[in-house]
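Model the structure of this input:
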Amino acid sequence: MNKKTYAGYLKKKRQAVIRLGISFVVSAYLVLSGQFILLLGFLILLFVVNELFLADHIFYDPNNDYQYTFDDATKIPPDWISSTVGFKRSWKKEAYDTGLLAIHVHHSLSGKFLDPFVVIKSGDITRQQYFERSVDGLRYINISDFINSGEAVIFEANNCELMTESADILLFSNPSLDNKKVLIIAPHADDAEIAAFGLYSTKDSSIITITAGEIDAKEYELDGRDSKQASLHKGRLRSWDSIAVPQWAGLKQQNAIQLGYFCMCLKEMHDAPDEAISSKTADVYDTRVFREFNTQALASDMHGKPSWDTLIADLVECIEQAQPDVIVTPHMQLDPHQDHQYSTLALQQALEKAKNKPSALYFYANHLVFSDMFPFGPVSTLASMPPNMGESLEIGSVVSIPMSLEQQRNKAASLAMMHDLQTPLRWKKKLRFKLQEWFASRSLSPYGEDEYFRKSIRCNEFFFHLSIKRFLEQQSIIKKRKYF
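Below is the predicted model of the structure:
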């Protein structure tokens with residue numbers, strides 16, 4: 001965590017401590033004065049206000065700019081229309097496939113309490129993009145669906161204002177994926193679906209799932225199962241998910257592979273690459289336990305040793321067999337989940353050894369350092385650049401892949417099949433979401449209770465793009481800085 005990010009975190013902690021102190025003083029006064037009914041009303045009001053306006057998981061100051069550097073962007077000043085907030089296209093049609101409007105967004109008074117968003121219109125196309133409450137800084141509006149429109153692009157700001165005096169259009173041209181092979185790296189079952197269902201279900205794709213995802217199995221301790229048996233059961237269920245759900249999306253069974261390594265063990269494996277690292281919770285010492293549904297054999301099936309060196313060898317073998325043109329993998333700086341970071345680190349080491357290398361990599365972040373609420377807003381709205389504060393993150397280019405309503409419904413169905421996304425919400429979170437729906441205009445997802453049914457069901461999927469050469473160069477820099 002850099003200094004600026006840490007300062008924002010401390011600011012939020014101080015504000016929380018101040019609110020807690022004031023609440024304690026008021027409650028103590030009401031108790032000492034015997035006003036117990038008033039105390040009950042105060043506590044209820046305090047709970048409702050907290051759940052409505054203070055419970056957002058935003059781990060940064062929304063008054064700061066998002067920090068990105070784009071190496072492969074064509075920057076064009078908007079040709080603004082004077083009569084309204086909008087611009088005309090001033091570039092060659094069909095020269096680009098992804099576009100962002102980099103613009104300062106300032107919240108209105110209502111935007112402190114209600115979610116700010118913009119409605120984007122051009123011709124018969126309408127999209128919405130949401131921001132965090134109290135936004136006041138540089139943000140990136142996804143205009144990809146409009147960059148080849150022959151008509152003006154119009155913005156309607158709600159609970160916010162767009163500061164048009166300093167704005168840039170960033171345009172990106174990425175190689176076509178038509179007739180190309182795509183390989184998805186999924187640290188756990190459901191990561192491929194959350195990040196890239198729309199992409200992999202429409203291309204010649206393969207999926208490698210790294211771990212069985214067997215930890216946190218309390219809900220499976222049924223019918224006399226102890227914690228180890230429950231963990232084993234959960235790992236087998238999620239291993240099945242990793243093979244079966246991609247088939248529903250159209251992949252051949254042999255193109256989905258579960259490697260069977262153990263959840264939250266990749267760092268330990270990396271630190272002792274030749275040692276066998278067993279499951280933390282399932283009493284399992286052999287990766288073959290969770291490979292039972294694979295139809296494609298791997299060389300390591302001869303021994304099932306759960307080590308880092310074996311993982312690298314497995315990935316090299318899978319890459320040589322699939323011969324992908326593009327590999328999709330977690331972003332190591334934006335996604336803080338340990339298994340996600342070390343999955344991509346393992347991929348990097350495998351690519352250094354593989355003879356067949358892809359031309360490019362796409363990166364996703366299913367978890368985020370700065371907020372677990374992003375993308376903001378309801379289902380079927382736009383996904384764009386996630387929050388990144390403090391140190392500027394160097395990006396090659398970005399890719400926004402549109403998803404039809406039917407694709408969104410299919411993606412929701414694929415998530416509903418995943419056992420780990422079927423766990424009911426706790427009562428407090430259910431109540432929070434209901435209160436926000438009633439009083440803060442936040443729509444619940446019609447597809448399921450888990451937050452991923454809101455966050456990942458969008459009218460587009462969003463990726464960062466780097467050439468294989470640039471990726472390996474960046475990993476060398478990251479290694480020198482001792483991030484891992």
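
Identify the residues contacting stretch 69-86?
87-91, 96, 100-101, 152-157, 162, 164, 167-173, 392-398, 465 (C-beta atoms under 8 Å, 6 or more residues apart in numbering). C-betas here are computed from N, CA, C, even on glycine.

first to last residue in that stretch, what's the distance?
Stretch 69-86 stretches 25 Å from its first residue to its last (C-alpha to C-alpha, to the nearest Å).

just stretch 284-298 next, same as before
With C-alpha to C-alpha as the measure, stretch 284-298 spans 19 Å from end to end.

Next, the buried residues of that stretch.
By neighbour count on 16 or more other C-beta atoms under 10 Å, the buried set for stretch 284-298 is 284, 287-291, 293-294, 296, 298.

Which pair of the residues you listed spans the longest distance?
Farthest-apart pair in those is Val284 and Gln296; separation 21.0 Å (C-beta to C-beta).

other SSEs contacting the helix or strand harbouring Ser239?
Using DSSP states H and E, Ser239 falls within helix 227-248. When contacts are defined as 3 or more C-beta pairs under 8 Å, 6 or more residues apart in numbering; DSSP states H and E, helix 227-248 packs onto helix 191-200, strand 204-211, strand 256-261, helix 405-416.

residues in contact with stretch 270-285?
So stretch 270-285 is contacted by 212, 214-215, 217, 227-228, 231-232, 235, 262-265, 268-269, 290, 305-309, 342, 345-346, 484 (C-beta under 8 Å, 6+ apart).

Pull the distance from that stretch to the chain's centre.
Averaging C-alpha positions (C-alpha atoms, centre = their mean, to the nearest Å) puts stretch 270-285 27 Å from its chain's average.

For it, list every residue counted as buried.
Applying 16+ other C-beta under 10 Å to stretch 270-285 flags 270, 276-277, 279, 281-282, 284 as buried.

Could you save the residues you listed as CSV and add columns showing distance to Gln247?
Shown next, in CSV, are the buried residues of stretch 270-285 (distance: C-beta to C-beta, whole Å):
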residue, distance to Gln247
His270, 31
Ala276, 31
Ile277, 30
Ser279, 26
Thr281, 28
Ala282, 25
Val284, 25
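
and this structure, what are its domains?
The chain breaks down by automatic domain parsing into domains covering 3-54, 68-172, 181-480.

Buried deepest among those, which one?
Among the domains of the chain, domain 181-480 has the highest mean neighbour count (mean count of other C-beta atoms under 10 Å), at a mean of 20.

That one: how far from the chain's middle?
Relative to where its chain is centred, domain 181-480 has its mean C-alpha point 10 Å off (C-alpha atoms, centre = their mean).

try stretch 109-120
Averaging C-alpha positions (C-alpha atoms, centre = their mean) puts stretch 109-120 22 Å from its chain's average.

And the contacts of that stretch?
Outside stretch 109-120, the residues that touch it by C-beta under 8 Å, 6+ apart are 52-53, 105, 107-108, 126-135, 141, 143, 145-146, 153-160, 162, 376-377, 381-382, 440-442.

still on that earlier bit, just the ones of the contacts of stretch 69-86 in strands?
87-88, 100-101, 153-157, 162, 164, 167-172, 393-395, 397-398, 465 (DSSP state E).

which ones are touching the closest residue to Ser467 other than its chain neighbours?
Excluding the flanking residues, the one nearest Ser467 by C-beta to C-beta, 6 or more residues apart in numbering is Ala360, at 5.5 Å. Applying C-beta under 8 Å, 6+ apart to Ala360 gives the contacts 175, 325-326, 465-468.

Leu266 reaches Leu347, doesn't it?
No: assessed by C-beta atoms under 8 Å, Leu266 is found out of contact with Leu347, at 11.5 Å.

quick one: Ile327 and Lys181 touch, right?
No: using C-beta under 8 Å, Ile327 is not in contact with Lys181; the gap is 9.7 Å.

where does Asp178 fall, phi/psi-wise?
Main-chain dihedrals, Asp178, degrees, to the nearest 10: phi -60, psi 130.

okay, now it: neighbour count?
Asp178 has 6 neighbouring residues, counting by other C-beta atoms under 10 Å.

In what element of secondary structure is the residue nearest the centre of the chain found?
Compute the mean C-alpha point of the chain, and by C-alpha atoms, centre = their mean the closest residue is Asn366, 2.5 Å away. Here Asn366 is covered by no helix or strand, with elements defined by DSSP H and E.

show me what contacts it?
By C-beta under 8 Å, 6+ apart, the contact set of Asn366 is 191, 194-195, 330, 335, 337, 340, 456.

can you put those residues in JSON lines and add pLDDT and distance to Thr74?
Listed next are the contacts of Asn366 as JSON lines, based on pLDDT from 0 to 100; distance: C-beta to C-beta, whole Å:
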{"residue": "Asp191", "pLDDT": "98", "distance to Thr74": "32"}
{"residue": "Ile194", "pLDDT": "98", "distance to Thr74": "30"}
{"residue": "Ala195", "pLDDT": "98", "distance to Thr74": "26"}
{"residue": "Pro330", "pLDDT": "98", "distance to Thr74": "27"}
{"residue": "Asp335", "pLDDT": "96", "distance to Thr74": "27"}
{"residue": "His337", "pLDDT": "96", "distance to Thr74": "33"}
{"residue": "His340", "pLDDT": "98", "distance to Thr74": "31"}
{"residue": "Ser456", "pLDDT": "97", "distance to Thr74": "29"}
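
re the thing from before, out of the buried residues of stretch 284-298, which one has the weakest pLDDT?
Within the set of the buried residues of stretch 284-298, pLDDT is lowest for Gln296 (93).

All the helices of this protein, residue numbers only.
Along the chain, the segments classed as helices by DSSP state H run 3-32, 36-49, 191-200, 227-248, 266-271, 308-322, 338-353, 405-416, 427-439, 452-455, 468-480.
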